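> pasting the sequence and the predicted model now:
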Amino acid sequence: MSYPHVLTPEEKLAEAKNQLNLPRIVVICGSTRFMAEMTEADLRETKAGRIVVKPGCDMKSPHELWSDPVEAEALKARLDDLHRAKIRLADDVLVVGDYIGDSTRAEIAYARSLAKPVRFTHPEVDPDA
């Protein structure tokens, strides 16, 4: 007797995106020191017909929402979780910038663990190249 294949949550998401006829979704990763480059990448990816998600906060720039160090630390953890959710949602990852720090390196490893294609604006910084 053959049992039907039970779809994983990832397969269900992919099927739902397919049924909705959604364009590819790309998540932009990289150090927030490259926010201007991320904006440019967003423009180019959008022009190419892709849905773009990227970091929404630059915690290296002063702002009242993260002026308290204790609250900033908690916010950073929540933003890291949120960005991993963006990676799960995306079809592929675009790493922006000519520098890869620890956070971006972890995001690349996470994306690759999920078998997400990873592209680089500067391929020479690929930690696995």
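That came through fine. Numbering: from 1, shown residues only.
> which residues does the residue lying closest to residue 121 once chain neighbours are set aside contact?
Of all residues not flanking residue 121 in the chain, residue 96 sits nearest, at 5.0 Å (CB to CB, 6 or more residues apart in numbering). (Glycine included, C-beta is placed from N, CA and C.) Residue 96 makes contacts with 28-30, 34, 37-38, 41, 121, as judged by CB atoms under 8 Å, 6 or more residues apart in numbering.
> mind running it again at 6 Å?
28, 30, 34, 37-38, 41, 121 (CB atoms under 6 Å, 6 or more residues apart in numbering).
> from residue 114, how far out is it?
19 Å (CB to CB, to the nearest Å).
> the residue nearest the centre of the chain: which element?
The centroid of the chain falls nearest to residue 27 when counting by CA atoms, centre = their mean (3.7 Å). Using DSSP states H and E, the element containing residue 27 is strand 25-29.
> now swap in residue 17 and tell me
Counting by DSSP H and E, residue 17 is found in helix 9-19.
> what about that helix, distance to the chain center?
Distance of helix 9-19 from its chain centroid, counting by CA atoms, centre = their mean, to the nearest Å, is 18 Å.
> other residues contacting that helix?
By CB under 6 Å, 6+ apart, helix 9-19 touches no other residue.
> residue 85 should be in a helix, yeah?
Yes - under DSSP: H, G, I helix; E, B strand; the rest coil, residue 85 falls within a helix.
> distance-wise, check residue 94 relative to residue 104.
From residue 94 to residue 104 the distance is 12 Å (CB to CB).
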